[in-house]
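**Student:** Everything below, folded, please.
(chains A and B)
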Amino acid sequence: GAGVSQSPSNKVTEKGKDVELRCDPISGHTALYWYRQRLGQGLEFLIYFQGNSAPDKSGLPSDRFSAERTGESVSTLTIQRTQQEDSAVYLCASSLAGNYGYTFGSGTRLTVV
Amino acid sequence: GENVEQHPSTLSVQEGDSAVIKCTYSDSASNYFPWYKQELGKRPQLIIDIRSNVGEKKDQRIAVTLNKTAKHFSLHITETQPEDSAVYFCAAIGTASKLTFGTGTRLQVTL
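**Tutor:** Numbering: from 1, shown residues only, chains lettered A, B, ... in the order given. Okay, the predicted model is just below:
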């Protein structure tokens, strides 16, 4: 597509529920990234996919967080047993390769109540 | 891993003045340094980038300089306008092949 698409744009969930966030990268972009941005804060790296290589999961904050990507297409970020501290905007980005500029999606605003 | 520090955290300038934001990085292997602008409630957008084989790059009112020896790079905005008001993030890619972002600078351009 023309840009990085994320869904849903907003998600309100009850504490303890699981949520799944989706990212459609730009067609042809081999690299895909997930970042978390808490209100008024910077961008916190979560996970990075590059082609068929093993993902870099070094930023996932706990084992409640996981992500998958099928080939060079859609990625899903799953948060199990959500906690209030998970409330943030989850941004997905894609790029042609690891050392090119990222294009960000509009993000999913997650609110855990 | 890579560590990127950014200063100042907030910056207020009058319209027409220049603004400078500075960043330092830790990984000497870093070779790509983009700058992103994020308006309130919007996604970060790439405004300019520089690679390690270049010392300076300019695009109209914005410019970026890189000093590899000192491991720092800076964003310069000249003739600032109200629409330049936003949060600016610097970033660097090192050996880990992913961007590490600075903590952001909130730029306010006043009339």
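**Student:** how about the residues of chain A near chain B?
**Tutor:** Residues of chain A lying close to chain B (CB under 8 Å from any CB of the partner chain) are A:33, A:35, A:41-43, A:45, A:48, A:50, A:56, A:58, A:91, A:98-107. No exception for glycine: its C-beta is placed from N, CA and C like everyone else's.
**Student:** among the residues you listed, which are in strands?
**Tutor:** Mapping these onto strands (DSSP state E) picks out A:Tyr33, A:Tyr35, A:Phe45, A:Tyr48, A:Gln50, A:Leu91, A:Thr103, A:Phe104.
**Student:** Export these to a markdown table and append columns for distance to A:Glu14 and neighbour count.
**Tutor:** Listed next are these as a markdown table, based on distance: CB to CB, whole Å; neighbours: other CB atoms under 10 Å in any protein chain shown:
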| residue | distance to A:Glu14 | neighbour count |
| --- | --- | --- |
| A:Tyr33 | 28 | 26 |
| A:Tyr35 | 24 | 25 |
| A:Phe45 | 27 | 20 |
| A:Tyr48 | 30 | 24 |
| A:Gln50 | 35 | 19 |
| A:Leu91 | 23 | 25 |
| A:Thr103 | 33 | 20 |
| A:Phe104 | 28 | 22 |
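**Student:** What is the subsequent helix or strand relative to the helix-or-strand element of chain B with minimal mean pLDDT?
**Tutor:** None of the helices or strands of chain B scores lower by mean pLDDT, DSSP states H and E than strand B:99-101, at a mean of 92. Downstream of strand B:99-101, the next assigned helix or strand under DSSP states H and E is strand B:105-110.
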